[in-house]
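1. Sequence first, then the predicted structure, then my questions.
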Amino acid sequence: MQAQRQKVLILYLASSALDTPVVAWSLYDGTGKTRTMAADSDEPPYTTGLHALKDGWRLIQLSQLIPPYPGEEFSVSYQRYECVFEKLEPVSGDPDD
Amino acid sequence: MTDRSQLLSTREMAKFVARGFLRFDELVAPELNERFVDAYTEAGLPAIPAGTPMAEAWPQESPLAELHALPRVAGIIESLVGPGCLFDHHFLHMRSAAHGPSQHIHQDSTIDPRLNFDLQLMYFPQPVTREMGGTYFLPGSHYRKVNEASISRYQNILGTQHVVCEAGTILALHMGVWHGGGHSQSDENRPMYKVRLNPTVRQRRLWNTDDITEDTAAPQPIFSPAYPYDKQDIQTILCRPEPWFEIDTARLEYLNRIKLWRFLLGDESFDAQYWLTRLENEPG
């Protein structure tokens, strides 16, 4: 069986609905074929989270909807709507190289 | 006392409150830029104890002293952190191809829930191209309470700005703005001088408030297609979203901006487009 490695795509959406626009994104490529880093692209890879699903990305985690803590109702902090996707891709040769 | 004409205007202050930064292109003259680079890129910056009054911090007749004494620079500093501010720290950040990938995005210092804020000035004494890995930063991120590098998972965020500028450009940043050093694909060094300054006075009406009128805080129609909203109006500036805001969180951002504006104005009755007034209405 050919070895596989995980590519992880994290999309941050404008709301909790998967079909709302992507406002932030990160990609980590376990195949080692591409290298990404902070502030390396200006355009999101997909318009919405749903577009990523349609392109074959598997959703493996959605951020929970957590009620605001009493007294902290108006605090803003991390990106709220984080969706973690994966794709498994075959790698040839020694993937640890 | 700084010349009032060199202080920030009310509109500039509102933009700082909303977006966390102001940009001043080619503010410093080429001759001083050159002397600054000559003085510090090889020899390094002088070591100055944290908490030193800024007025006493710089070596006499040095490029550092000249930079901070420029009338507009002094006016920006006084508008934001007032007279008598303290030197916190400074650093000459150098980026080149040898520095590898971009720096993870981060917020400086640590979790800082104050309404009072520190000022960070970034000074670019040489031209910066995108290939040189200019500083990148996220407008409007200064109210987000996060812990320094905990946000490094975020690689790209809509609305991120990359500093591409001519020599002598200065950015004035709220301490909370998320930022990082960009990826340099150039062999040229890119120096950026950053200094953090702390206020010692209550940050209230320190800018040039001569342009404030009764209209500034007058109630306006909200969500009204019939109302001719002025993009330069203070309330409009405070309620303009950034492209990366979540739909719901954008409204919390407005609340936080209005709260800081009230603090700076010294007027707890100020509101922009009714956001806080509605929440404060508790009859009986």
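-> Thanks, I have the structure now.
2. And the helices in the chain?
-> Because you didn't say which chain, this covers chain A. A:49-54 (DSSP state H).
3. I was after chain B.
-> Under DSSP H, chain B gives helices at B:10-19, B:30-40, B:54-57, B:63-69, B:71-81, B:234-238, B:249-265, B:275-279.
4. So which residues make contact with the last one?
-> With C-beta atoms under 8 Å, 6 or more residues apart in numbering or on different chains as the contact definition, helix B:275-279 has outside contacts at B:239, B:251, B:254-255, B:258-259, B:271. For the C-beta atoms, the positions are set from N, CA and C on the backbone; glycine is no exception.
5. at 6 Å instead, please
-> B:254-255, B:258, B:271 (C-beta atoms under 6 Å, 6 or more residues apart in numbering or on different chains).
6. and if you look at the third one?
-> The set of residues external to helix B:54-57 that reach it, using C-beta under 6 Å, 6+ apart, is B:48, B:85, B:87.
7. any idea of the pLDDT on the residue lying closest to B:Pro113 once chain neighbours are set aside?
-> Nearest residue to B:Pro113, sequence neighbours excluded (C-beta to C-beta, 6 or more residues apart in numbering or on different chains): B:Lys145, at 6.0 Å. We note a pLDDT of 96 for B:Lys145 in this prediction.
8. Return the residues of chain B in contact with chain A.
-> When proximity is defined as C-beta under 6 Å from any C-beta of the partner chain, chain B approaches chain A at B:101-102, B:104-105, B:136, B:143-146, B:154-158, B:160, B:180, B:182-183, B:244, B:246-247, B:249, B:252, B:255.
9. Now list the buried members of those residues.
-> B:101-102, B:104-105, B:136, B:143-144, B:146, B:154-158, B:160, B:180, B:182-183, B:244, B:246-247, B:249, B:252, B:255 (16 or more other C-beta atoms under 10 Å in any protein chain shown).
10. Low-confidence ranges, the stretch 1-150 of chain B, go.
-> Along the stretch 1-150 of chain B, segments meeting pLDDT under 70 span B:1, B:97.
11. What parts of chain A come near chain B?
-> Counting by C-beta under 6 Å from any C-beta, chain A sits next to chain B at A:14-15, A:23-26, A:37-39, A:41, A:74-77, A:80.
12. What's the PyMOL line that selects buried ones from those?
-> To isolate the buried subset of the residues of chain A next to chain B in PyMOL, counting by 16+ other C-beta under 10 Å, use the following:
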select buried, chain A and resi 14+23+24+25+26+37+38+39+74+76+77+80
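13. which residue ranges form the strands in chain A?
-> Applying DSSP state E to chain A gives strands spanning A:4-13, A:22-29, A:58-62, A:82-90.
14. So which bits of the third one are buried?
-> Within strand A:58-62, the residues that count as buried by 16+ other C-beta under 10 Å are A:Leu59.
15. contacting residues for residue 37?
-> Here I'm looking at chain A. Counting by C-beta under 6 Å, 6+ apart, A:Met37 has contacts B:101-102, B:183.
16. actually it's chain B I care about, not the one you picked
-> B:Val37 touches B:Pro125, counting by C-beta under 6 Å, 6+ apart.
17. B:Ser9 versus that one, what's the distance?
-> 31 Å (C-beta to C-beta, to the nearest Å).
18. Could you tell me the phi and psi values at the residue of chain A most remote from its centre?
-> Here chain A reaches farthest from its C-alpha mean at A:Gly71, the gap being 30.8 Å by C-alpha atoms, centre = their mean. A:Gly71 adopts backbone torsions of phi 90, psi -10, taken as degrees, to the nearest 10.
19. From chain B, how far off is it?
-> 12 Å (C-beta to the nearest C-beta, to the nearest Å).
20. Got the confidence number for that residue?
-> 94.
21. same check, this time on B:Gln185
-> The model's pLDDT for B:Gln185 equals 86.
22. I figured it hits B:Glu131, correct?
-> Yes. Assessed by C-beta atoms under 6 Å, B:Gln185 is found in contact with B:Glu131 at 4.8 Å.
23. Let me see the contact set for A:Arg58.
-> So A:Arg58 contacts A:Glu86 (C-beta under 6 Å, 6+ apart).
24. partner residues bridging it?
-> For A:Arg58, the beta-bridge partners are A:Glu86 (DSSP bridges).
25. Would you map the strands across the stretch 1-150 of chain B?
-> Under the criterion DSSP state E, counting those that start in this stretch, strands of the stretch 1-150 of chain B are mapped to B:21-24, B:52-53, B:86-95, B:119-124, B:136-137.
26. what distance separates the start and the end of stretch B:161-168?
-> For stretch B:161-168, the separation between the terminal residues is 18 Å (C-alpha to C-alpha, to the nearest Å).
27. Can you list the buried residues in that stretch?
-> B:161-163, B:165, B:167-168.
28. Can you tell me the closest non-neighbouring residue to the residue sitting nearest the centre point of chain B?
-> Note on chain B: the residue nearest the mean C-alpha position is B:Leu173, at 1.8 Å, using C-alpha atoms, centre = their mean. Computed as C-beta to C-beta, 6+ apart, the closest residue to B:Leu173 that is not its neighbour in sequence is B:Gln120, at 4.4 Å.
29. List the beta-bridge partners for the one you found.
-> Assigned bridge partners for B:Gln120, using DSSP bridges, are B:Leu173, B:Arg196.
30. That one contacts B:His174, doesn't it?
-> No. In this structure B:Gln120 lies outside contact range of B:His174 using C-beta under 6 Å: 7.7 Å.
31. Enumerate every residue touching B:Asn256.
-> So B:Asn256 contacts B:Tyr143 (C-beta under 6 Å, 6+ apart).
32. repeat that for 8 Å
-> A:74, A:76, B:143.
33. now it: how far from B:Gly140?
-> Counting by C-beta to C-beta, the gap from B:Asn256 to B:Gly140 is 10 Å.
34. cool, and B:Asp248?
-> 15 Å.
35. Looking at those two, which is more packed in?
-> For B:Asp248 versus B:Gly140, neighbours defined as other C-beta atoms under 10 Å in any protein chain shown are more numerous around B:Gly140 (24 against 12).
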